[in-house]
Structures are given as C-alpha cells and as structure tokens.
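Peer 1: here's a sequence, model it:
(chains A and B)
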There are 2 protein chains.
Amino acid sequence: MITTILKDILKDGISVVERISNKSLTLPILNNILIKTEKNFLNLSSTDLEIGIQWWSLVKTEKEGMITIPAKLLSSFVNYLPNKPISLKVKGVDLQVECENRQTIIKGMDAEEFPIIPKIAKDEKLIIDSKLFCKSLAKVVDVASYSSTKAEISGVYFLFQKDMITMTATDSFRLGEKKLYLNPASDLSKNYSLILPQRTAKELINIFGEKEGNLNIYFSPNQIMFEKLLASTDHPYIQIISRLIEGEYPNYQEIIPKSHETKISFKADELINQIKLASLFSDKVNEVKIKVDPKKGELGVSSQNSEIGEHQGSIKVKVEGKSCEISFNHRFLLDGILSVVSGEEKNPEMTLELSGSDKPGVLRSKKDDSYLYLIMPIKTN
Amino acid sequence: MITTILKDILKDGISVVERISNKSLTLPILNNILIKTEKNFLNLSSTDLEIGIQWWSLVKTEKEGMITIPAKLLSSFVNYLPNKPISLKVKGVDLQVECENRQTIIKGMDAEEFPIIPKIAKDEKLIIDSKLFCKSLAKVVDVASYSSTKAEISGVYFLFQKDMITMTATDSFRLGEKKLYLNPASDLSKNYSLILPQRTAKELINIFGEKEGNLNIYFSPNQIMFEKLLASTDHPYIQIISRLIEGEYPNYQEIIPKSHETKISFKADELINQIKLASLFSDKVNEVKIKVDPKKGELGVSSQNSEIGEHQGSIKVKVEGKSCEISFNHRFLLDGILSVVSGEEKNPEMTLELSGSDKPGVLRSKKDDSYLYLIMPIKTN
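Peer 2: Alright, predicted model coming up:
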C-alpha cells in the first residue's frame, strides 16, 4: 500500500474509529485499526466484535494494500505531526510513515487476522437529521442500567414508527422516554422495535452528535447500521454496525402514571442548587425529602445524617393540587432534572408531577412534552 | 461564636486553607478547618503538622468562639451557596449556618483538640513581590525528588542573599537552578540557606502565585513563614508556616559544567514536538538519541523499540562547536525544555550546551540567563 493523506483528514478518521479499540486483552488485534486502500479511498476500521466502525476518505493511491496498527499509538503519533501530507507505505507488517522531515516505522499486525466487519442487507432505511437524532438519544442514554444481569434494560429501547421514533431507557429505579416526531413522516413500511447496546448509543452521540446533515439507519433482525455519506456522493463516509440486544423490553408504559395529584412548576437551576446542598447531608441511601406546600407555594428540600449534620432549604414554586411529602435518591433526582435540561434553553421552567409518597414522580420540561423522566420514590418505613 | 460573612469572601478563605486538609487518616481532626473569631476578624486555619496555613478577614462579630469543621464538606457546601451574607453560629460542636432560605447544621469537632500552629520569631524579614517569587519557584519546584530516601533533595534549596535569591532542585538525574535578582538589594543582615519541603513550595505557588503585592518572608532556624497582609493594614491576611528539611544540600555547583564543546540554538516548540514524537518509540529507559550536525545545521532526534517501531526527525538549528551524539531520558529532556519555557514569552529561543556523550547537557533560555536546567545523559556503551 502506498498512499498520501493530509494530517487533519487522517486525524478525523482515527478519532472516529479509535474509541472502540484499546479494550481487548484476549485478542490483541482488536486494539488495532485496520488501514486499507480501496481504489481511490483510504478505509479505516475497528471493531470490538459487537460494534464495527468504518471510515473512508478520498486519497491519492499509488498501490493498494492493507495493515493493522495499534490504535492508541497511531492516534498519539498522528496528533504530533504537522498538518502536512503524510505518506503511508506498507512493507510486510511495518507501516512506513513520512511527513516533512520525519521518518517513522510502526510495527503492525497482519491485516488478514483482522475480524471481518459484517455487512448488512440494505433493504429498508430511515433518513434522519444526524444532530437531532443524537440530541434526542443523549437525553436517555445515561439512564440505561449498567448492570449486566438484566440484559434487556442495559440498552436503549427504540420504537421506529412512520411518524415518530421513541427512545426509552431505564435501570428500574428511574426511566427516561423521548419521542422524536418525524415531520414529514418517513416512508417506513412497518414499525421496528429493537434494543440498542448503551455502548453503541454513546458512540453514535460521540461520532455523529456534532456532524451536520443526514444519517441513514438500516434495519435487520439482529443488527442495525448507522451510515453517513461523503458530501455530495453515494459513497459512505462513516458506517457503524452494531449487534442488537436480544430479549423483550419491559412493558414500561404500565408504570407511567396517567394522572397526578400534585403538579409543581419551578426553574430548573433553583431546584438543582437545593438538591446539591441537601445531597451533602444525605444518608447511605442518598435520601432527600421533598415537601410541597400549596398554601405557601413552596417546595422544601431537606436531608439529615446523624454523623454529618442536617440541611433544609426551600424554593418558591407554583403548585396545582394537594400537598405532598416524598423521598427520592438525590442522584437520580438530579440526573432527571439534568436530562430534562440537556439540549434545552438555559435554566428552563420544569414540572414535577406527584401522586402521593409511594408513587413515582414525573419530571418534564414545561415547554416540551416530548420527554419525560420517571423516578421511583424511596419508601420510608 | 456568631458572625456574618459574604459567601465569596468565605470561599476565598476556605480555598486558601483547605488544600492541606483531607489527608490524615490517623488524626481525623487534621481533616478539619479551625474556624475562630478574634474581635472583628474571622480566622480560618489548617495544618498537616508540617505546614500550618492561616487566613483572616474583617467581619461583623456578635459573639466570639471557635469550632472545627470537615474541610471537604465545608468547601462543597459553601460553593453551592449564593453570594449572600452567611450567618455562622457555634452551638456545642455544631456549626449552624443560615444563608437566605437555607438552614444547615454541620457537625464539627471540639476546637480545643486542634493542634496549635506554632508562632515564629519575627526577627528578620525579606519583602518580595509575590507573583515574581512564585513564578521563579515554579520553574524548579517539579524537579525536586519525590523519593523520600534522600530527604535533602526532596525539597527546594534556597540561598537568600542581599541582592539575590537562588532556588535549586534536583532528583540526581537533572537539576534546575533559578536566580532571582533583587533590585534594589534587600537589607538582609546575613545570608540564609535552607531546604523547603516540595509540598510547601507547591502550596506557596497555589496560594500566592496569582496574588498581587508583596510577600513577607520570616526566617528562623527550623521554620520559615510566608505572610501576606490585608490591603492597607498591618494585619495578616494569609500566613504559611512550614518546617524546613534538615540536612546538608549537595554541593551541586561542582557538577554544573563551566564550559562546553557544542552549543545549539533552537526554537523550543520545534524540539518539543520532535521529542514527543520520538517518545512514542522509545525503549524501557525512555531513551531518545540526539545527534548534532554542525555542517548541516541540524539536530536529529531518534528512538527505537523492537516491539513498537522506530522514529527519526530533525530540526534546523544553529550550532557552534563540534558535532555530538548523546542520549537522554525523553521525560527529563521534555521537563527541562518546559521549565525553561515556563513563564517566558511563547516559543522562546533556547540553547542546549553539550560537552560529549557522557557529560551533562545544559538548557537555557537565550534571552534570560537567570535559569539553567542540567540533565544527565543516559550512558550507552
């Protein structure tokens, strides 16, 4: 392989594929990036056997070939090069690099040993704005369970419908649900429901979250592919193929309350501040107590810990309905407010709906009903 | 104790004293800050038994008293308060805090158990610009040895003379020496030489490095005090008292070469970049090879590692004297260049003086001869 590419372009490619490398102790080649020329394209790939990421760029190629190179080393190395043309030559399992007055030989591994990244049947596709999709996904992605004991809830549940994508995540203590309305409606021939691994969801946000333009989503029974094309071409720029999580997602609609007894409106930042203060004095189960007083128009936040001390604060709120006392885990409550705030205007007006001390609370943005965050109370005695 | 203070002022005080708390497992009270009212002043103190830090602010005091409170908790807590007056009340070993609509009780420990921070005889003092002193100290502080086996070189060696302060640090692989000229000369009655613990030196830079105005330095046989006064008063604002390291500092002047065979002039950034690249391919002893070619006016930087690969690069330089090949630990070489650069204009011109492959190299800024960094070569047979 002999080809030439500008530093900044190669750096873009490495930054796209490197993140899922560097993880495998048992199969060292997974720490590597596959570098390959295909006619006038340079192709970089990486995989952890669950996710495969590929990246392409138009380059001048004098001779075709391929090699795999440790991702971390290549990334640091290219970072330190000046933004000049970089010449890449493969000789056996060595990559020879030249850039201005720098000559380097990087020891690689045989490209033949690199796992093949599966193809996906390109039957039905959905086209969606890349940033909008990632912004929606970012609201729920961190709510998914990190525990691997319940595989179904370790991912983000997607329901793709003609006119709406619903994304849901839960760890059984709280749940986030985001609806992304498609306007105009897509031409999907049927609904698709699937559970995407949290890792894949995070990589999607990292890789496509700041990239303008469209994303193509391809469906298959056990896999999904997200693809971005090179500007003004039909040639792929980035493809992420991921396995899906098998199993039935819990019927979560059942636990979302259809009505409420108390509805509180408040400014996000004020409650955030009170929860942070109260969190310093909470106990082992992270309990903070919420007390809603409709007469005073106040929401009190308090906590106590026999070893550290106790705290109480209050904010002015608008209350519709009954008074209520309820306890939450301050971490989940704060996560919830922050997920409502994420991607919204600064310090938005929010609502908290309650139905008594043993029923879940529901957080929403006042302006935007497309997202809800449900949080289970801490049962006190 | 009953007093009132603005949040931002209290935050300043906590940020000054908190850094040396939070370290002790054996004596829990050292994790605390001592809070004390003295007439119209609020006084915060902390100590790790080697360093004692005190801070004062003018406040309204209704009743005198004192208490100790966990530093980390107090710091987080005050951070979250709005910039409004904070009322502090001591009741037993509880600190009662009120700030707007927030009421808090923080459990503390009895102030009587807090170690007494020693006083120092205020005989002879040196007055010096606070920022200038810290900027000079910052050049050498990281060169001191972290190992505790040779206590003498685990600190920064100071020689205070009438017209100059010399600060030196070494870990026996490299050495940094900074001269700070006093103009006009001070009225010190004699020279003082002492070894300051690296921790104290770092705290000085953190606390006084960005503060305008003068610093008073008081000398005593086993201790030293650094003091800043409250603006337009004779009352202290911050005092740092530190023990000194006992022992004889090595007679390092002997190893600083008096002459050289090769002198190379170069731009700092270019060599930094080449060393970073070469460092990726260096071996277990971090070796990078320097090759000076007076005819070509080139300095080559190369490295190789049988498992990773090899690299060579070069930069254009001005060479006076003979050609030379020498090996250095890339980490020490990079540290040295960065210490020369620290506090200077961007990308300054520098010199490297060499006297053959088995003699130390000396790095200096071309414009400023008040600092030198000496680095021992790696002996390659």
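
Peer 1: which parts of the worst-scoring helix or strand of chain A on mean pLDDT are buried?
Peer 2: Using mean pLDDT, DSSP states H and E, strand A:60-63 stands out as the lowest-scoring helix or strand of chain A, at a mean of 92. By neighbour count with 16 or more other CB atoms under 10 Å in any protein chain shown, strand A:60-63 contains the buried residues A:Thr61. (C-beta placed from N, C-alpha, C; glycine too.)

Peer 1: give the next helix or strand downstream of that strand.
Peer 2: Downstream of strand A:60-63, the first helix or strand assigned by DSSP states H and E is strand A:66-70.

Peer 1: contact partners of that next one?
Peer 2: If you take CB atoms under 8 Å, 6 or more residues apart in numbering or on different chains as the criterion, strand A:66-70 is touched by A:1, A:29, A:31-37, A:90, A:93-95, A:106, A:108-111, A:113-114, B:308.

Peer 1: pull the contacting residues for A:His311.
Peer 2: Per CB under 8 Å, 6+ apart, neighbours of A:His311: A:Leu277, A:Ala278, A:Leu280, A:Phe281, A:Ser302, A:Ser303, A:Gln304, B:Arg102, B:Gln103, B:Thr104, B:Ile105.

Peer 1: in helices only, show me those residues.
Peer 2: A:Leu277, A:Ala278 (DSSP state H).

Peer 1: in strands, which of the contacts of A:His311 fall?
Peer 2: Members of the contacts of A:His311 lying in strands (criterion: DSSP state E): A:Ser302, A:Ser303, A:Gln304, B:Arg102, B:Gln103, B:Thr104, B:Ile105.

Peer 1: ok, and the most crowded of those?
Peer 2: In terms of neighbours by other CB atoms under 10 Å in any protein chain shown, these top out with A:Ser303 at 25 neighbours.

Peer 1: just checking, that one touches A:Glu310?
Peer 2: Yes - contact status for A:Ser303 versus A:Glu310: in contact at 6.8 Å, counting by CB atoms under 8 Å.

Peer 1: mutual contacts of the two, please.
Peer 2: Counting by CB under 8 Å, 6+ apart, the residues touching both A:Ser303 and A:Glu310 are A:Phe281.

Peer 1: what residue ranges in the stretch 101-250 of chain A score low on pLDDT?
Peer 2: For the stretch 101-250 of chain A, applying pLDDT under 70 flags the ranges A:148.

Peer 1: run the last query once more with 80
Peer 2: Scanning the stretch 101-250 of chain A for pLDDT under 80 picks out A:147-148.

Peer 1: all helices of it, in order?
Peer 2: Using DSSP state H, counting those that start in this stretch, the helices found in the stretch 101-250 of chain A span residues A:130-140, A:198-208.

Peer 1: the last one: which residues count as buried?
Peer 2: Using 16+ other CB under 10 Å as the burial criterion, the residues of helix A:198-208 that qualify are A:Gln198, A:Arg199, A:Thr200, A:Ala201, A:Lys202, A:Glu203, A:Leu204, A:Ile205, A:Ile207, A:Phe208.

Peer 1: hmm, who's touching that helix?
Peer 2: A:16, A:19-20, A:50-51, A:53, A:130-131, A:133-134, A:137-138, A:141, A:144, A:146, A:154-156, A:169, A:215, A:226, A:228, A:238, A:240, A:242.

Peer 1: still on that earlier bit, closest one to B:Ile290 among the helices of the stretch 101-250 of chain A?
Peer 2: Nearest to B:Ile290 among the helices of the stretch 101-250 of chain A is helix A:198-208; the distance by CB to CB comes to 39.3 Å.

Peer 1: quick one: that closest one to chain centroid distance?
Peer 2: Mean-position distance between helix A:198-208 and its chain equals 4 Å (CA atoms, centre = their mean, to the nearest Å).

Peer 1: do stretch A:156-164 as well
Peer 2: 16 Å.

Peer 1: and stretch A:338-357, by the same measure?
Peer 2: When distances are taken as CA atoms, centre = their mean, stretch A:338-357 is centred 20 Å away from the chain's centroid.

Peer 1: between the two ends of that stretch, how far is it?
Peer 2: 22 Å (CA to CA, to the nearest Å).

Peer 1: against chain B, how distant is A:Thr4?
Peer 2: If you measure A:Thr4 against chain B using CB to the nearest CB, to the nearest Å, the figure is 18 Å.

Peer 1: in strands, which of the contacts of helix A:198-208 fall?
Peer 2: A:Ile51, A:Ile53, A:Gly155, A:Val156, A:Ala169, A:Leu215, A:Phe226, A:Lys228, A:Ile238, A:Ile240, A:Ser242.

Peer 1: among the residues you listed, which one has the most neighbours?
Peer 2: A:Ala169 (29 neighbours).

Peer 1: list the beta-bridge partners for that residue.
Peer 2: On the basis of DSSP bridges, A:Ala169 is bridged to A:Gly176.

Peer 1: show me what contacts it?
Peer 2: Counting by CB under 8 Å, 6+ apart, A:Ala169 has contacts A:Val140, A:Val141, A:Asp142, A:Val143, A:Ala144, A:Ile153, A:Gly155, A:Val156, A:Tyr157, A:Leu175, A:Gly176, A:Gln198.
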